[in-house]
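J.: Fold the following.
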Amino acid sequence: MSHNTLGNGEWLKVGQSLFSADGSVEFKMQEDGKIAVYWGGECRFQNTREQSWGNIKGVKMQEDGNLVMYDNAGKAVWHTDTAGSKGDSTVICAVQNDGNVVLYKGTPIWSSDTHKN
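T.: Residues are numbered from 1 along each chain as shown. Model (predicted):
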């Protein structure tokens, strides 16, 4: 895992964060079971605002293009719904300086849509 990306098979576990190259954007796997994007000192994205999951292991960037949150029992509890066929290309989850977290499978396939206005 690098400073600002997750690659195929890599995890962002509870309590861990990725930061944009300039350090202004944080993508965090929170203890309350939510993933969040912080930019400019405020939360710009959470995978859910209504629900908090306990017993979360983290999120995994899967080889099929899906970013999936798993609980400690191995059950998927949230995903980006971006799964495709395996082996098409490398999948990367990137935290960008513009405020977005973007999944790339050659081209962008999902975004947190938290970019600057």
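J.: Secondary structure element holding the residue lying closest to residue 30 once chain neighbours are set aside?
T.: Nearest residue to residue 30 in three dimensions, chain neighbours excluded: residue 36, at 5.8 Å (CB to CB, 6 or more residues apart in numbering). The C-beta positions use only the backbone N, C-alpha and C, and glycine is treated the same way. Element membership of residue 36 [criterion: DSSP states H and E] is strand 35-39.
J.: what sits up against that strand?
T.: 12, 24-30, 43-47, 59, 69, 78, 95, 99-101, 112, 114 (CB atoms under 8 Å, 6 or more residues apart in numbering).
J.: Quick check on the residues you listed: which are buried?
T.: Buried members of the contacts of strand 35-39, counted by 16 or more other CB atoms under 10 Å: 12, 24-30, 44-47, 59, 69, 78, 95, 99-101, 112, 114.
J.: so where's the protein shaky on pLDDT?
T.: 1-2, 49-54, 85-89, 116-117 (pLDDT under 70).
J.: Name the residues of stretch 66-74 that are buried.
T.: In stretch 66-74, counting by 16+ other CB under 10 Å, buried: 66-71.
J.: Residue 22 versus the residue nearest to residue 76 when sequence neighbours are not counted, what's the distance?
T.: Spatial nearest neighbour of residue 76, excluding adjacent residues (CB to CB, 6+ apart): residue 68 at 5.1 Å. In this view, residue 68 and residue 22 are 28 Å apart by CB to CB, to the nearest Å.
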